[in-house]
Structures are given as structure tokens and as C-alpha cells.
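A.B. asks: Fold the following and give me the result.
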Amino acid sequence: MKYDVFWRCEMVNGRTELGRFPAGGPRGSWPAEEFAHARRLEGLPAEVVMDLATDTFLVILRGPEGAD
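C.D. replies: Okay, the predicted model is just below:
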């Protein structure tokens, strides 16, 4: 499956950011959720969060201090 995502791994505020998806897209958060699901199938604990400042959904891996 091809994802329309800016793919990168960057450490930001104790989390690793795997991808960004525009919130204004016609499918809402679905592309981000699908991308995160694919990463979880690879064994990564990916999750989706909303970045209100940039109006994007982020697929992230939380750092050790953010883990429950």
C-alpha cells in the first residue's frame, strides 16, 4: 500500500516522529491510522496524535519517559 506521507524519523519532545498527514484531507485521520497500523504489524508501537499547531496527524513512537 502506498501512503501519501512525508516519511521521516525525527526525535521531537521525547518521541520519534515517523510521519505527518494533513488533517484537512478528505479521509481525515484514516491515512495516519492505516500507516500506524502497518508500523504496528512491523512490531513498532506506533500511535497517532494530532498536532494542533500545524493541523497535522503525526504517527509517533513515544520515548521511554512517555511510555505507560
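A.B. asks: alpha carbons only for contacts and neighbour counts from here, please
C.D. replies: Will do.
A.B. asks: Tell me which stretches of the chain form helices.
C.D. replies: All helices of the chain, identified by DSSP state H, fall at 30-41.
A.B. asks: residue ranges with poor pLDDT in it?
C.D. replies: The model of the chain has pLDDT under 70 over residues 1-13, 64-68.
A.B. asks: who's the residue nearest the centre of the chain bridged to?
C.D. replies: Nearest to the mean C-alpha position of the chain, counting by Cα atoms, centre = their mean, stands residue 59 at 0.6 Å. Beta-bridge partners recorded for residue 59 (DSSP bridges): residue 19, residue 48.
A.B. asks: Just to check, it is in contact with residue 46?
C.D. replies: Yes - the pair formed by residue 59 and residue 46 meets the contact definition of Cα atoms under 8 Å, at 6.3 Å.
A.B. asks: Which neighbours do these two have in common?
C.D. replies: residue 36 (Cα atoms under 8 Å, 6 or more residues apart in numbering).
A.B. asks: Excluding chain neighbours, give the residue nearest to residue 62 in space.
C.D. replies: residue 15 (4.4 Å; Cα to Cα, 6 or more residues apart in numbering).
A.B. asks: who are the neighbours in contact with that neighbour?
C.D. replies: If you count contacts by Cα under 8 Å, 6+ apart, then residue 15 has 60-63, 66 around it.
A.B. asks: Ok, residue 49 next?
C.D. replies: Residues near residue 49 by Cα under 8 Å, 6+ apart: 57-60.
A.B. asks: one more time with 6 Å, if that's ok
C.D. replies: Going by Cα atoms under 6 Å, 6 or more residues apart in numbering, residue 49 touches 57-58.
A.B. asks: Okay, it and residue 31: tell me how far apart.
C.D. replies: Going from residue 49 to residue 31 by Cα to Cα, to the nearest Å gives 13 Å.
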